[in-house]
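> what would the 3D arrangement of this be:
(2 chains)
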Amino acid sequence: MEQFVYLDNSATTPVKPEVLEAMLPYLKAEFGNPSSIYKKAAAAEMAVAEGRRQVAAALGADPSEIFFTACGTEADNWAIKGAALANQAKGKHIITSQIEHHAVLHTAAYLEKHGFSVTYLPVDEQGIVSPDALRDAIREDTILISIMMANNEIGTVEPIRELASIAAEKKILFHTDAVQAVGSIPVDVKELGVDLLSLSAHKFGGPKGVGALYIKKGTKIDTFMHGGAQERNRRGGTENVAGIAGLGKAITLATQNIEEKRERITALREKLIAGIMETIPHARLNGHRTERLPGNVNFCFQYIEGEALLLRLDAKGIAASSGSACTSGSLDPSHVLLALGLPHEIAHGSLRLSIGEQNTEAEIDYVLSVLPDIVKILRAMSPIYPG
Amino acid sequence: MYSEKVMDHFQNPRNVGEIEDANAVGQVGNAKCGDIMKMYMKIEDGIIKDCKFKTFGCGAAIATSSMATELVKGKTIEEARQLTNKAVMEALDGLPTAKIHCSVLAEEAIEAALADYHERQGLPFEPKKHCDGCCGNCEH
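Have a look, this model is predicted:
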């Protein structure tokens, strides 16, 4: 029997059948362009409006504050470049953290090349951005703060409400990349007090190729994608109607039973963490022990390398990921693990198992039945393993 | 991403381990970069009678170590010194570009073990000339 256990839900998730159903009409009969005037296009226009209403409802926002994008990366780019350019008369300083996704880090680096200055806040050994450090980093010319809600690699959930309230006090715009958080933990834009928030459909049972940016009413931000009058003149380009319908359905499904789901997935996570700690020596859990995404498990196994571990897991039918340099095509291991203070040689041996809604306890048992032996085999091959 | 041969040598590596009475041991790479290869050899009458390895590294690092030990076993020292990273790669049906350095490491590990042998025997050892592959006179 060929076993397949998908534990890379932070990378992407399977599209739920109901989501696919919600999308299909707009890929078939209802192919109209939402901007067209004739009756044939009405269904498409309504689908976009319904998707917007669903996303707004899930986030506690007003539909007029939701703007569709092509992905989470576009939402991050828009939020940061758009807010920076629109507010540069006030100042050219931006604050973010060292553990952001590259969609934020590389966007910030781009702005640095164009005359902005950026402070990259460090994190503690569990990956938390300190509110005091944020307070200290704020300058007269700070115009934007961007801190992710939950880290994609180590799962640490940042104290966004506290960080955003510091920004609000100083009247500085606050953006959060919530791509990993939405659908996993409750996200309410009013409760968090953020001005801008990015999300991506395929992280919670929706299709790839569609995301959204929440822009709080009154936020000063430039248009990022120039073109037609779509998205109230703020994001040109014919709408991804099927994708938006899928996003709307997926966010509704992912948020309606979120507490129950969180509890169930957290229990699987705790079982997996406890099982690994019990059976594998020299294993280090990365990220915060409790303030972490329900489905995130991230370990470093000393004396072995992550890619070799992934290949061996794949041979056993387990799909996972690693922050090892060998999987990223660069020489350095994950910037997130290095920001935690881990030495390179330990960061090379990282493994991320991200649990999703579809995973079962039997699958966790299966992982626990094969992982210790794989680590043992690779360590037996390693010249640095003390034995 | 990897050829079947690479996957075979990664999943079923040949000659893993240490040789207790090895008379040639060489180690290259470092943990910081995520690759360490250690080669052990038993050399008798100028012939590599046995060769084993231990490797900390990715799939390609383990597969190239395995293949390199296979290629030098039973060979004379002179023959083993002719082994190039290209030959290791070819024997594995190729490597992704990002992994070519693993085959270079395998060549260097063999060379390091042979240098150690010469030192132990008190024999002179002329290190391989490093070239940039531009003269066209060799296989580099």
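
> list, one by one, the residues from chain A near chain B.
Within chain A, the residues that sit near chain B (C-beta under 8 Å from any C-beta of the partner chain) are A:303-308, A:311-312, A:315, A:324-326, A:329, A:331, A:333, A:343-345, A:348, A:380-385. No exception for glycine: its C-beta is placed from N, CA and C like everyone else's.

> find the centremost residue of chain B, please.
Note on chain B: the residue nearest the mean C-alpha position is B:Ala106, at 3.3 Å, using C-alpha atoms, centre = their mean.

> so what's that residue up against?
By C-beta atoms under 8 Å, 6 or more residues apart in numbering or on different chains, B:Ala106 lies in contact with B:Met37, B:Thr64, B:Ser65, B:Met67, B:Ala68, B:Asn85, B:Val88.

> keep only those of those residues that are in strands.
With DSSP state E as the criterion, strands contain B:Met37 from among the contacts of B:Ala106.

> what subset of the contacts of B:Ala106 is buried?
Buried subset of the contacts of B:Ala106 (neighbour count, 16 or more other C-beta atoms under 10 Å in any protein chain shown): B:Met37, B:Thr64, B:Ser65, B:Met67, B:Ala68, B:Asn85, B:Val88.

> which one is the fifth one nearest to, not counting chain neighbours?
Computed as C-beta to C-beta, 6 or more residues apart in numbering or on different chains, the closest residue to B:Ala68 that is not its neighbour in sequence is B:Ala106, at 4.0 Å.

> picking up where we left off before, which element is the residue nearest to the centre of chain B on?
According to DSSP states H and E, B:Ala106 maps onto helix B:100-121.

> if A:Thr119 is in a bridge, with which residues?
For A:Thr119, the beta-bridge partners under DSSP bridges are A:Ile95.

> and the pLDDT for it?
pLDDT for A:Thr119: 98.

> would you map the strands across chain B?
Going by DSSP E, chain B shows strands at B:24-30, B:35-44, B:47-56.

> gap between A:Cys300 and A:Asp124?
Note on A:Cys300: its distance to A:Asp124, by C-beta to C-beta, to the nearest Å, is 17 Å.

> who's more crowded, those two?
A:Cys300 (26 against 14; other C-beta atoms under 10 Å in any protein chain shown).

> was I right to think that one contacts A:Glu345?
No. A:Cys300 is beyond contact range of A:Glu345, at 9.7 Å (criterion: C-beta atoms under 8 Å).

> ok, back up a step: please identify which of the strands of chain B is closest to A:Ala44.
When the strands of chain B are compared by C-beta to C-beta, strand B:35-44 sits nearest A:Ala44, at 53.2 Å.

> helices and strands around that closest one, which ones?
Strand B:35-44 makes packing contacts with strand B:24-30, strand B:47-56, helix B:59-72, helix B:100-121 when contacts are defined by 3 or more C-beta pairs under 8 Å, 6 or more residues apart in numbering or on different chains; DSSP states H and E.

> what about the last one, distance to the chain center?
A distance of 6 Å separates the centroid of the chain from that of helix B:100-121, by C-alpha atoms, centre = their mean, to the nearest Å.

> just checking, A:Glu112 touches A:Val118?
Yes. Here A:Glu112 reaches A:Val118: they are 5.4 Å apart, a contact under C-beta under 8 Å.

> more crowded one of these two?
The neighbour count for A:Glu112 versus A:Val118, taken as other C-beta under 10 Å, is higher for A:Val118 (19 against 13).

> check contacts around that one.
A:Val118 neighbours (C-beta under 8 Å, 6+ apart): A:His93, A:Ile94, A:Ile95, A:Thr96, A:Ala108, A:Ala109, A:Leu111, A:Glu112.

> relative to chain B, which residue of the stretch 151-300 of chain A is the closest?
A:Cys300 (12.4 Å; C-beta to the nearest C-beta).

> next one, pLDDT for that residue please.
We have a pLDDT of 97 for A:Cys300.

> so which strand or helix has it?
Per DSSP H and E: A:Cys300 is located in strand A:296-301.

> sheet-wise, list the partners of that strand with their directions.
Neighbouring strands of strand A:296-301 in its sheet, by DSSP bridges, are strand A:283-285 (antiparallel), strand A:350-354 (antiparallel).

> now these in JSON lines, with mean pLDDT and mean neighbour count?
Below are the strands paired with strand A:296-301 laid out as JSON lines (pLDDT from 0 to 100; neighbours: other C-beta atoms under 10 Å in any protein chain shown):
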{"stretch": "strand A:283-285", "mean pLDDT": "97", "mean neighbour count": "17"}
{"stretch": "strand A:350-354", "mean pLDDT": "96", "mean neighbour count": "27"}
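
> what does the helix or strand where A:Ala22 lies contact?
Of the helices and strands defined by DSSP H and E, A:Ala22 is found in helix A:17-23. For helix A:17-23, contacts defined as C-beta under 8 Å, 6+ apart pick out A:Gly205, A:Gly206, A:Pro207, A:Ala242, A:Gly243, A:Ala245, A:Gly246, A:Gly248, A:Lys249, A:Ala250, A:Leu253.
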